[in-house]
Structure formats: C-alpha cells, structure tokens
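> Below is the structure, and that's it, no one-letter string:
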C-alpha cells in the first residue's frame, strides 16, 4: 500500500512541480533533473545493485544521445516518420546495443578488472568521438531540431515545458521499470552476485551472466537518459560521453546513497541544484562539490539517503524529538563555521577590492576582513567541538531501546 | 549404485601435488565422511568435485555424467550442492533473500527478468518452510551478515540444501561451534539431509563416527583407507598414519 502511495506522490510531484516553479530557469533545471535521475538510476543498477564500479558510464548515455540526435535529423530530413516522443527509446536501444557488445567482455569480473575496462572503453569512445566525425560531428558535435515530425496530441515540443512533461513521463516509466527489475530473479541475483559472486555460482548462477544482464539494462536506461538529453538540448558533443560526465554520475549515485533505490534520485536532484544554482553564485562550485563528495565518503558512507534512514530507529522508538534540540544547538556553530570558511575561500579567490558574500562586504586587501573571519571561524570550530559530544549522547539515547517503559538505560 | 565416482584423480598446484590418484565410489543415500590431518587435501577434493578447481587429470562422474572441469553453476544445477568451511553467504541480503536466491534456479526461474518475486507464491512459501526447517524464521528480515556465528552456519546449510539437491557436500559444518551448538547442528544436518547422499569433511571424531556410514581417510592427497567406521577404527594403517591417538582417546573417554 505504502508502495503505491509513494508512486502516486512521485507522479503528482512530477506533474505539479513546474506549476510551482514556473520560470524559464526552473523548468530548465527540472528538465536537467529528469535526465540526471534516469542516468543516475541506471548507474546504480551497476554499482549499487550489481557491485560493478564503472568509470565510463557516460559512454552509453552519450552513444544513446548521439543516436537520438541522428534520429531527430532523420525525422527532419523526412527519411523516417515517427513522433519525437519515441526519441528516448531510440537512445535506449542504441545504448543497449553498445552495452551488449562492451558487456560481452567487460563483465567477466567485477572489481578492479571491470573498473579498468570501463575506464579504458570510456577513454576510447571519447577519443574516437573526435575522430569519427560523421557520427560524432567532431568538436562541434551534432545538433538537431525536435520540432519536426508528426505532433503528439497537438504538441510540437517547441516549448521547454512540453519537453518537461515528455521527459517526466519517460522518467516515471523508466523509474518504474528499473524498480521492477530489482524485484525480479535477475535483479535479486545481481544483489547476490554483488555480495558474493562465488557462492552465487554454487547455487546455479553464472556470476558473469548475472552481471551481463544488469549491464545491458543499465546501458539501455542510460541510453534513454541520453535520448532525453538530445531532446532537451538538441545538441550532443564529446563532453556528453567523456570521463567528466562519467564521474558526475558516480558522484550523484554515491552522494545520494548506493544502497537505496531512491538514493540516486536524491543525489541527482542535489547535484543538479548545485550544478545549476550554486554555479550562478560562485566560480568555485566545483570545489564545494568535491569537498561534499569527500565528506560524504568519509562521514556518510551510505550517502544522504543513508543519513535520513539512520533516523528510522529513533522514529520507530518515538524518540525523534530528542534529537531536535541537539541538532539545532550544533547547527548554529556549524553553519557559522561553514559560512566563515566559505568567505575565506572566496576571498582568497577574489580579484576584486571589495565584494559581497550574501550581503557582507568584504575586502581581500584589509587585515580586518581576514582577521575577523579567521577569529569567527576558530570560535565557531571550538564551539562546534563542544556541542558535538552532547549530540552524540542524544543520538545514543534516541537509538537505545528502553528495557522497561520510563526507564532510561 | 554409486552416485559419485572419482577415478584416478590428480591435482597439482604448480609442481606441488595436492591430490594423488584418488579413486572413490560413493553410493546413493550414503553418509560419507572424509577425514585426515590438516593439509591432506580434503577441501581441495571438495573444490574439485564442485568445480571450483579444475582437475589435473582423472575424472569425476556424478550420476554417470562427467562433471570435472565444468563451471560450478553447471554442477550445482545437476543436483550437487555444497557448504563452505568459511561461512559463505550473501551478507547484505536478508536471511529470507539468501534462502530465496538459493531456491531460484531449482524452481525454474533462471535469469528471468519478467517474473516478480513478490508474486511467486510457491517460491515464497517454500522459502518460509525452509526458514522454519533451519530455525531462522525469526531472523528472516535481518541482513545475513548480522547473524550470530552458529546462525550463519545454519543459514549456510540452508543455502546448500535449498535447491533440493540429491547430493550435499558439507565442509566442516560444525567447526568453531561450542559443544551444544555442534549438537544442535548435527541434529539439523541429520534432519535436512535425510534420504540424501551426504559427504562431509569433519574434524570432530565423535560426530564422524556417529554420523557416517562410511569413512574415507585422506593423507597427503592419497586415500589410505575407505571403509565402514568399525573397520576404520581397527585399521592399522590409519592408526599409524593419523588416527591412533585420537581413536584411543575417544574409546577411553
């Protein structure tokens, strides 16, 4: 029951969001999110569910995307006649074909071997994209136009909002399919092979075949994401299949949380926001993103979703409220510390004599600005170290199961 | 009729022979124990039979069919299951999922991505039955990696027997258990392997002489005796090579 409610909420959110955030920018961000979520979920089929660490997942995204642009061109040139609503499927099928071929030799082993092959194939395809100009279009890439072809229910997809609803429909469909895959024998055995490939073989399953199946599906859904990208931007370049894109999807899945189906969704949303919103405020957003990744790996190995899920035990014990005050008390020095560090970093980076950080006028040439910030940062750090133990205690209390009602262990 | 037949089996790693000219017949329904000092090649013999290692020469016939040098998953599908000396389970999957995965192939699901496990009634019922059988029904939702040691061993056994294999190989099933845990484990093994062919490697001589219909003694990769327990006890070669002290201690006790 809860399952159906979650799916219904997901669908409602997809429908309502562009009605709340109506500006051109927010619709464009929502489009990016749809693409990123499908891509990140497809990546998690490999890493989170199948235990295959890929450094070249952009290959299937990019190849699917390029094929989708070529399909757009074919529609434009009237070589083919079908609705552009099916373009993501073209991308998906091409991603699937690429995964069939590459997976046939890369899924023999998981671990380092798989990771290295994925890296090599990724570099190979990215390099050849600048050589095979007829398909990849060289440095300029390939561009198309999504407004040709027979209109779908009267829409010609000239507006971004029309593309959004198309992308949202594909996102919903792809998410349902990827979720259902986890509930099938092949999907469950992917988890088993991730945990213990050797034992999987002794219960009748070829670990390689199990990995191969996950790999093909992963390529298919990455291709769909590429097709959505092609529809949204109408252009694909080498950037879309290189190592940066591959790294980005790894960050999304990891920061969101590999162990949960919704983890990559959370990661894709957060990273798209950082990508598009934070980059408007600062040139250093990549630095902050990198720090966030390192901190996640160190302190939240199960990602943001894992952090939220940690609160399930206190919730079930009815002790979640015990955490509210310690959280608030820690948040004050914590946010002051982060804020002053950000100011220091931004000031080191700035060339301007005075500039504003969230309304504070700072001057990189003045000792006063530097001194004040460093003192504030130090004080906040000391305060943080003093509040942390009480947070830890509160956490232990909130997670402890009371042996008798009213008795604190 | 013998269900498993080893003929002139050799295995060497590099230049080191581990298994030397082992020939053995195991009858269907027999409880067969393989004993021998550490490093005798007992585990290697299991690995050869179940396809984890390739054989250097010789042959292995299971139900009259050659199985040597075939991959483990093909051998498992023929109805030859095994457990491991070091617990070998799926640590992140729940106890329930561990057993269900072990059932999948024998229930005909193969690599299906068009069946939903939640709707597979017969499969889920059988999984629950097995959980009751191995006494882990109350732990069903716990990740297998969080079970206590003896419980993990029970799960290990459950995974091995889930497929309904005719022949089961157990590698030191009670190693590392306390006396009472081992007693429970033996009861469990007897219960779940009733009517099946059982081959086990075990160091605990009380258990071996209690359970086995036949005992094979392996020393330095060679079989020095293979007979019923009463004759093994009296076998001079066995006493000399390995068992003497242990058997005497056992009979004095």
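Received, thanks. Please read these numbers as outputs of a predicted model, since none were measured by experiment.
> drop to CA atoms for contacts and neighbour counts, all remaining ones
Noted.
> need the contact list for residue 240.
In the absence of a named chain, chain A is used. If a contact means CA atoms under 8 Å, 6 or more residues apart in numbering or on different chains, then residue A:240 has A:58, A:61, A:62 as its contacts.
> Just name the closest of these to chain B, please.
For the contacts of residue A:240, the closest approach to chain B (CA to the nearest CA) belongs to residue A:61, at 22.4 Å.
> Near that closest one, how many residues? Count them for me, please.
32 (other CA atoms under 10 Å in any protein chain shown).
> sorry, back to before: can you put the contacts of residue A:240 in CSV and add pLDDT and secondary structure?
Below are the contacts of residue A:240 laid out as CSV (pLDDT from 0 to 100; DSSP: H, G, I helix; E, B strand; the rest coil):
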residue, pLDDT, secondary structure
A:58, 97, helix
A:61, 98, helix
A:62, 97, helix
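> Make a markdown table out of the residues you listed and add distance to chain B.
Below are those laid out as a markdown table (distance: CA to the nearest CA, whole Å):
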| residue | distance to chain B |
| --- | --- |
| A:58 | 24 |
| A:61 | 22 |
| A:62 | 26 |
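> in the stretch 51-200 of chain A, which spans are strands?
For the stretch 51-200 of chain A, the strands defined by DSSP state E, counting those that start in this stretch cover A:142-143.
> Please enumerate the helices of it.
Applying DSSP state H, counting those that start in this stretch to the stretch 51-200 of chain A gives helices spanning A:58-76, A:87-106, A:111-128, A:133-136, A:160-182, A:185-195, A:197-202.
> Now render the ones you listed as a markdown table, adding distance to residue A:312.
Shown next, in a markdown table, are those (distance: least, CA to CA, whole Å):
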| stretch | distance to residue A:312 |
| --- | --- |
| helix A:58-76 | 35 |
| helix A:87-106 | 37 |
| helix A:111-128 | 32 |
| helix A:133-136 | 48 |
| helix A:160-182 | 22 |
| helix A:185-195 | 23 |
| helix A:197-202 | 31 |
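> Highest mean neighbour count out of those?
helix A:58-76 (a mean of 28; mean count of other CA atoms under 10 Å in any protein chain shown).
> Any idea how many residues pack against residue A:368?
By other CA under 10 Å, the residues close to residue A:368 number 12.
> and it, what does it touch?
Contacts of residue A:368 by CA under 8 Å, 6+ apart: none found.
> gap between it and chain B?
Using CA to the nearest CA, to the nearest Å, residue A:368 is found at 54 Å from chain B.
> Show me which residues of the helix or strand that residue falls within are buried.
Under the criterion of DSSP states H and E, residue A:368 resides in helix A:367-399. Neighbour-count burial for helix A:367-399 flags A:369-370, A:373-374, A:376-377, A:380-381, A:383-384, A:387-388, A:391, A:394-395, A:397-399 (criterion: 16 or more other CA atoms under 10 Å in any protein chain shown).
> what does stretch A:288-298 give?
Across stretch A:288-298, burial judged by 16+ other CA under 10 Å covers A:289, A:293, A:296.
> SS state for the nearest residue to the first one once chain neighbours are set aside?
To tie it back to what came earlier, the one meant is residue A:289. Nearest residue to residue A:289 in three dimensions, chain neighbours excluded: residue A:274, at 7.6 Å (CA to CA, 6 or more residues apart in numbering or on different chains). When classified by DSSP: H, G, I helix; E, B strand; the rest coil, residue A:274 comes out as helix.
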